[in-house]
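Asks: structure for the following, please:
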Amino acid sequence: MPDVPPAAVPAADPSRRRDLAVAAAVAHDLLDDEHPLIGLLDLQDLRERASALHAAFDEVTAPGQHVLHTFAVKAAALPAVLRRLAALGIGAEVASPGELALAHAAGLDPARIVLDSPAKTRTELRTALRQGIALNADNPQELDRLTELLATGTEAGPGPGGAHGPIGIRVNPQLGGGSIDAMSTATATSKFGVPLRDEGGRAWVLRAFAERPWLTRLHCHTGSQGIPLERMAAGVRATYELAEEINTAAGRRQIDTLDIGGGLPVHFGGDETAPTFADYARLLRREVPGLFDGRYALVTEFGRSLLAKSGLILTRVEYTKTAGGRPIAVTHAGAQVATRTVFAPDAWPIRVAAYDAKGRPKTGTPVRQDVAGPCCFAGDLVARDRALPPLAPGDLAALLDTGAYYFSTPFGYNSLPRPAVHGYEPGPDGRLGFTVLRRAQTLAEVVAEAGGDL
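Replies: The predicted structure follows:
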């Protein structure tokens, strides 16, 4: 471990821990010619955010009300991260066979896994039923498949008498979108869920529950980044009101759990967290008070808001040049790790921090410059015309707030290998140490993945 005095690792200052982690990464030789790009994740920050999520809902729920917080695996599809979150009381929301396999590899209890996807195959549905995993049917055709599978009596689950896990229906309240169309899942024409405002949509949902007493959940997710909190709360309110209507018609508490999704937006403009989990939970208590009277168990599916601000992508500046009077820093972090930022920079701008070759924050009069990636197309820029201290070959550029999605949703352009991801935190002696969360992909693995053995 680097010889960092305990006092130099302030427990309550994530930005200072970040600077120390960059310097320590250099001291540990985590970056070199073979690995000029790495991911860093603040494990202490991860713990604090998980604790903040639990505390936010503990404040508003009734005594004894069951709440299962799950993590959207797509946001950081790394078993080592899922395992740490599980130890902090966070389950997993999966949307593919691969994500389910990762959740199993992390050792998650099937009872703490939720399967969501608009395109589940029969095999996926059978697997969920047999393993006792909760799942949400996305559409009438999928619900028909589930009805057929259950009618055969062959899809025995692990529970008493072969019981399957909880099954629900995802609904779309069609409340409109947010500032990022691609992240808005409650629009009039969204591909997700049963549209409640379409002709016959709400009536179909009521009929589906009346005909299937084994349906016990209702699910709604209005979207993620760019969705106003008020619209998120309106989606939860619409789901709650529909559940009340279904239970009244049934004359019993048929729906016992509401899955309210995730989607809390992240502030990418600075180190502060806004909105917080507490902000959202208090808004829900104000707008949907019946949600917290203890009659319904709750499921959440947060992803980006749990991890984004805990991580960064750190890359070496390989070359600098000037074109048309514009300085350009050429780095190893581009579209292969920052895909959304490169292709939709207005919707997904990220902060870039400059460090010198020893990992110390750079100073000096800011110069407007581009920060480019290694991919062979002209638009591979993670920052355009950005005011930063002048970058030089050997310096380091850190892409901040990239703990979610940037590590685990790679773009395979140019067959660039996926970087290692290291967790960092102060040890018992107060010194900063690293833990490998994912090894760097080797060139042999790149070749094998591309079918090199054929």
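
Asks: count of residues packed around the closest residue to residue 282 other than its chain neighbours?
Replies: Of all residues not flanking residue 282 in the chain, residue 60 sits nearest, at 6.6 Å (CB to CB, 6 or more residues apart in numbering). Just so you know, the C-beta spots here come from the backbone N, C-alpha and C atoms, and that holds for glycine as well. Residue 60 has 19 neighbours, counted by other CB atoms under 10 Å.

Asks: residue 60: what's it in contact with?
Replies: Counting by CB atoms under 8 Å, 6 or more residues apart in numbering, residue 60 touches 281, 282, 284, 285, 292.

Asks: now do 6 Å
Replies: Taking CB atoms under 6 Å, 6 or more residues apart in numbering as the contact definition, residue 60 lies against 281, 285, 292.

Asks: surely the last one touches residue 61?
Replies: The reference is to residue 292. Yes - between residue 292 and residue 61 there is a contact at 5.1 Å, judged by CB atoms under 6 Å.

Asks: tell me which residues of the longest helix along the chain come out buried.
Replies: Ranked by number of residues, the top helix in the chain under DSSP state H is helix 229-250. Buried residues in helix 229-250, counted by 16 or more other CB atoms under 10 Å: 229, 231-240, 242-243, 246-247.

Asks: also stretch 352-369?
Replies: Under the neighbour-count criterion of 16+ other CB under 10 Å, stretch 352-369 has 352, 353, 354, 355, 356, 359, 362, 369 buried.

Asks: what does stretch 439-448 give?
Replies: Using 16+ other CB under 10 Å as the test for burial, stretch 439-448 gives residue 440.

Asks: which residues touch it?
Replies: With contacts defined as CB under 6 Å, 6+ apart, stretch 439-448 is touched by 35, 415, 417, 418, 419, 420.

Asks: from the residues you listed, which land in strands?
Replies: Secondary structure defined by DSSP state E assigns residue 420 of those to strands.

Asks: out of the contacts of stretch 439-448, who's the most crowded?
Replies: Top of the contacts of stretch 439-448 by neighbour count (other CB under 10 Å): residue 419, with 26 neighbours.

Asks: what's the weakest-modelled helix or strand in the protein?
Replies: strand 194-195 (a mean of 91; mean pLDDT, DSSP states H and E).

Asks: and after it, which helix or strand comes next?
Replies: From strand 194-195 onward toward the C-terminus, using DSSP states H and E, the following helix or strand is helix 201-211.

Asks: ok so, going back, now for the buried residues of stretch 352-369: which two are most distant?
Replies: Maximum pairwise distance in those, criterion CB to CB, is 20.0 Å, between 359 and 369.

Asks: circling back: show me how far the longest helix of the chain is from its chain's centre.
Replies: Here helix 229-250 is found 24 Å from its chain centre; the criterion is CA atoms, centre = their mean, to the nearest Å.

Asks: can you check stretch 53-69 too?
Replies: Per CA atoms, centre = their mean, the centroid offset for stretch 53-69 relative to its chain is 20 Å.

Asks: which of the residues in it are buried?
Replies: Buried residues in stretch 53-69, counted by 16+ other CB under 10 Å: 53, 56, 57, 60, 61, 65, 67, 68, 69.

Asks: check stretch 278-289 too.
Replies: Neighbour counts using 16+ other CB under 10 Å place 280, 281, 283, 284, 285, 287, 288 of stretch 278-289 among the buried residues.

Asks: convert that stretch to CSV, retaining C-alpha atoms only.
Replies: Listed next in CSV are the C-alpha coordinates belonging to stretch 278-289 (Å, rounded to 0.1, in the frame of the first residue of the first chain):
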residue,chain,number,x,y,z
ALA,A,278,-34.2,11.1,1.1
ASP,A,279,-35.6,13.9,-1.2
TYR,A,280,-37.3,11.2,-3.3
ALA,A,281,-38.7,9.2,-0.4
ARG,A,282,-40.1,12.3,1.3
LEU,A,283,-41.7,13.4,-1.9
LEU,A,284,-43.3,9.9,-2.3
ARG,A,285,-44.6,10.1,1.3
ARG,A,286,-46.2,13.5,0.5
GLU,A,287,-47.7,12.5,-2.9
VAL,A,288,-48.6,8.9,-2.2
PRO,A,289,-49.1,8.6,1.6
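
Asks: perfect, that will be all.
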